[in-house]
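K.L.:
any chance you could fold what I've pasted below:
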Amino acid sequence: MNLLSLTDVSLTLGHTPLFEDVTLGFDAGEKIGFIGPNGAGKSTFISLLTGERDPDTGRLHRRNGLKISYLPQIPKVPPGTTVADLVFRSDDPKAALVREYESFLEEYDESRHNELSDFQARMDHEDAWNIERTYHSFLTELGIHDLSRRADTLSGGELRKADMARVLASGADFLLLDEPTNHLDLETVEWLETWLRNGRRSYILVTHDRSFLDRSCDIILELENHRLTKYPGNWSTYVAAKTKRLEEEEKAAEKRTNILRREMEWASRQPKARAGKDKKRLSRIEDLQDAPQADVQRMTEFSARGRRLGKKVLELVNVEKSRGGRRVIAPFSYSFKRGERIGIAGPNGAGKTTLLSLAAGLLEIDGGRVDTGTNTRFAVLDQSPLKADESLTLLEYMKAEAEMVLTADGGLVDAASWLERFGFPAAAGRRKVRYLSGGERRRLQLIRLLMREPNFLILDEPTNDLDLATLGLLEQFLDEYSGCLLVVSHDRTFLERIVDYFLILDGSGSVRGFSGSWSEYREMEKKSKRELSSSSGPDKAAENRRGGSGRETKKGLSFKEKKEMESLMEEILSLEDELSGLEEMFSRPSPDPAMLAEAGRRHDPLRTEIAEKTARWEELASRDS
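P.N.:
Numbering: from 1, shown residues only. Predicted coordinates:
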């Protein structure tokens, strides 16, 4: 079933055509990964699908009743917004109905009793009473429990999770996710990947996370050279198909070049040979010259010389840090060595960025000491957006750092050549910073940072917003980089290729080391959980068998469990009385609006609490002998 289709759609921004004559359809069940260079127009194309922007030419057709939910790169958070405000801003019609109902209750009086009955009937018909529980369930899975918390106090990862809950819980038919993995910790990325893969929703996700594309998508949509092309299969399948196509285009280009050379040789002969009947042949030469060349993205060699590290690089000795009364980093020691490539992993809020800042000397320690080598020169790429005068050109911005750059082979290149080495052609140097896309800004931040000849790179989510070509360049640079590297990243492919040692934070303040790749660490974690699961619980028989005893496990309740069982029954009866009171209020002809609103909010969590306590009581009762 077709959900959405485009016919002969074109769009130009300023004087730059983003896409031309796009005719394309999206069907139910498709799981699409959307890729393309930074600045090509991916986010703009998504805005066409949401209806936020209209095309210059062509038309879009959406299936009647199609529900679309959109996750933008940067959540829009009005001042004073709470997590609940952010989540219930959903495009879900149920959420809209709940908002409408609550607004009605704020202005309710007895004269509007019939309207109240109509509203309640609509809430019943749409099953909207349960929506708060649905959203709360997603937030809980994502580790966010306080809906009253102000959104502007959330970390980047927490804000991303809250906005993601809004989209995933919306019940929409078609999800549009723009860089959904940005700012997420690795475990949440894996959770999202599994949810998308196992769900029935159709979606388009813009991402440059290759592992995510491989595991979550069955179609790759590529925007390149103003054209949109669909490739069946995941990322790995796309790479194979694209490589084959480029090889064929390269052969065609070589053949075209040979023909053109022969034709040009003919055209350079005596004027007599080019008269009359040979006008068509001259026209053919012009066509050959105008024909598109093979689209082969060749990585330019990119390297910069870093200062030589001394014998001492960096030593952290019993370093600790607390924030808001919580210990973020417990006393921790580590001595960095030349050439080490270390990744920092852990859940959002565990202290990864804090540890980076302590190592770089950007954050004051609470205890211990930081010894930095005499020759150690840091360069830090944090998650903050590019800070630059928007009126500057790219070349002016780069020259403000340095006019010339010393390369790894001892040569010198000017700022314009430096830009070109990292994917900004000569003409781009005259562009204003204000016209850069998010990914281009991130790339500009990175290459200016590398002009400083650092020998200790500290990178906080360096792959955010970078396109695949730039990622390849960055990986190539780091592969040849001889200095130290300390990095936080959610990109598993990047970590697999670059990092060989991890510092793992668990959120309690402890930091432990792991030597190996990310996949090896995750496999070790899964194995530990399986072993813990198989050995946990009251399986005394297994424990006794290990000790040489054959006695059966005692099934009865402990004294503590019997007391719990007794108190549970009292709690269940009390909660059921409260529930009956709420439901009696719903049937009153003229309820108090404020009390009615509060009752509506309390109703579903109360039912959930009763169900959970009843299940626990039944479990204990089944074991009571």
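
K.L.:
how about the contacts made by the residue most central in space within the chain?
P.N.:
Centroid-nearest residue in the chain, with CA atoms, centre = their mean: Thr181, separated by 1.2 Å. Counting by CB atoms under 8 Å, 6 or more residues apart in numbering, Thr181 touches Val189, Leu192, Thr207, Asp209, Phe212, His490, Asp491. Where you see a C-beta, it was placed from the backbone N, CA and C, and this is true even at glycine.

K.L.:
ok, residues contacting the helix or strand where the fifth one lies?
P.N.:
Using DSSP states H and E, Phe212 maps to helix 210-216. Contact with helix 210-216 is made by 31, 33, 35, 181, 189, 193, 196-197, 205, 207, 220, 234-236, 238, 468, 491-493, as judged by CB under 8 Å, 6+ apart.

K.L.:
cool, stretch 392-405 as well?
P.N.:
Under CB under 8 Å, 6+ apart, the answer for stretch 392-405 is 304, 388-389, 412-416, 418-419, 424, 428-433, 436, 444, 447-448, 451-452.

K.L.:
quick check: phi and psi at the residue nearest to the centre of the chain.
P.N.:
When quoted as degrees, to the nearest 10, the phi and psi of Thr181 stand at phi -90, psi -10.

K.L.:
per-residue pLDDT, it?
P.N.:
Looking at Thr181, its pLDDT reads 89.

K.L.:
got it, and Gly423?
P.N.:
If you check Gly423, the pLDDT there is 78.

K.L.:
pretty sure it contacts Arg443?
P.N.:
Yes - contact between Gly423 and Arg443 holds when scored by CB atoms under 8 Å: they sit 6.7 Å apart.

K.L.:
for the two, list the residues in contact with both.
P.N.:
Here Gly423 and Arg443 have Thr470 as joint contacts, going by CB under 8 Å, 6+ apart.

K.L.:
more neighbours, these two?
P.N.:
Counted by other CB atoms under 10 Å, Gly423 and Arg443 do not tie: Arg443 has more neighbours, with 26 against 20.

K.L.:
which residues touch that one?
P.N.:
By CB under 8 Å, 6+ apart, Arg443 lies in contact with Asn38, Phe422, Gly423, Phe424, Leu466, Thr470.

K.L.:
could I get these as TSV with secondary structure?
P.N.:
What follows is those, written out as TSV (DSSP: H, G, I helix; E, B strand; the rest coil):
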residue	secondary structure
Asn38	coil
Phe422	coil
Gly423	coil
Phe424	coil
Leu466	coil
Thr470	helix
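
K.L.:
helix or strand right after the helix-or-strand element of the chain with minimal mean pLDDT?
P.N.:
Across the helices and strands of the chain, the lowest-confidence element by mean pLDDT, DSSP states H and E is helix 540-547, at a mean of 39. Moving toward the C-terminus from helix 540-547, the next helix or strand (DSSP H and E) is helix 559-586.

K.L.:
just the pLDDT for the residue nearest to Pro79 when sequence neighbours are not counted.
P.N.:
Nearest residue to Pro79, sequence neighbours excluded (CB to CB, 6 or more residues apart in numbering): Asp152, at 7.1 Å. At Asp152, the pLDDT value in this model is 80.

K.L.:
which sections of the stretch 451-600 of the chain are below the confidence cut-off?
P.N.:
Scanning the stretch 451-600 of the chain for pLDDT under 70 picks out the ranges 533-560, 583, 586-594, 596-597, 600.

K.L.:
give me that answer again for 90
P.N.:
Applying pLDDT under 90 to the stretch 451-600 of the chain flags residues 451-455, 462-483, 490-493, 496-497, 500, 506-508, 515-600.

K.L.:
which is the next helix or strand following the helix holding Phe212?
P.N.:
strand 219-224.

K.L.:
which other residues reach that following strand?
P.N.:
Identification of contacts with strand 219-224 by CB under 8 Å, 6+ apart yields 19, 30-37, 40-42, 45, 204, 213, 228-235, 237-238, 242, 295.

K.L.:
now do the buried residues in it.
P.N.:
For strand 219-224, the buried set under the neighbour-count rule, 16 or more other CB atoms under 10 Å, comprises Ile219, Ile220, Leu221, Glu222, Leu223.

K.L.:
among those residues, which one sits closest to Leu505?
P.N.:
Nearest to Leu505 out of these is Ile220 (CB to CB; 34.0 Å).

K.L.:
residue contacts, the nearest residue to the closest one once chain neighbours are set aside?
P.N.:
Excluding its sequence neighbours, the residue lying closest to Ile220 (CB to CB, 6+ apart) is Tyr238, at 4.0 Å. Contacts for Tyr238 (CB under 8 Å, 6+ apart) come out as Leu213, Ile220, Glu222, Tyr231.
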